[in-house]
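> Have a look at this prediction, sequence included:
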Amino acid sequence: MKESILHYVWQNKLFTAHDNHTTDGETIEVVDVGRNNTDAGPDFFNAKIRIADTLWLVMLKFIPVHPTGTNTIINRIKPMTV
């Protein structure tokens, strides 16, 4: 899958946004997809993802999907103070 497709799907929220859970059963909610980055570095800045009761500020970088690999790198993830 091309990175441009992942980018389009994320930016336009064309993904299942309900019933998402971690492997430990904690609820995952995409609160905000963040701001598109047209420069080098992460694809999206300041995405907000809630895992259980913690709101996380995330920078996302998409990489091509490989049969044995992952398709998203979440880097510089940190909890937000709300």
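Thanks, I have it. What you are looking at is a predicted structure, and each value in this text was computed from that prediction instead of being measured.

> what's the weakest-modelled helix or strand in the protein?
Least confident helix or strand, the chain: strand 72-79 with a mean of 52, by mean pLDDT, DSSP states H and E.

> Nearest residue to the most centrally placed residue in the chain in space, please, no chain neighbours.
Most central in the chain under CA atoms, centre = their mean is Leu60, positioned 5.5 Å from the mean C-alpha point. Excluding the flanking residues, the one nearest Leu60 by CB to CB, 6 or more residues apart in numbering is Phe44, at 4.5 Å. The way it works is simple: take the backbone N, C-alpha and C, and place the C-beta from them, glycine included.

> wouldn't the one you found be in contact with Asp32 here?
No. In this structure, Phe44 sits apart from Asp32 without contact. The criterion is CB atoms under 8 Å, and the distance is 9.6 Å.

> Which one's more surrounded, these two?
Using other CB atoms under 10 Å, the more surrounded residue of Phe44 and Asp32 is Phe44, with 19 against 15.

> How about the contacts made by that one?
For Phe44, the contact set (CB atoms under 8 Å, 6 or more residues apart in numbering) comprises Trp10, Gln11, Val33, Gly34, Arg35, Asn36, Asn37, Met59, Leu60.

> tell me which of those residues is nearest to His18?
Distances from His18 to those, taken as CB to CB, are shortest for Val33 (15.6 Å).

> Report how many residues lie close to the residue nearest to Asp32 when sequence neighbours are not counted.
The shortest distance from Asp32 to any non-neighbouring residue, by CB to CB, 6+ apart, is to Lys48 (4.1 Å). Around Lys48 there are 16 other residues, counting by other CB under 10 Å.
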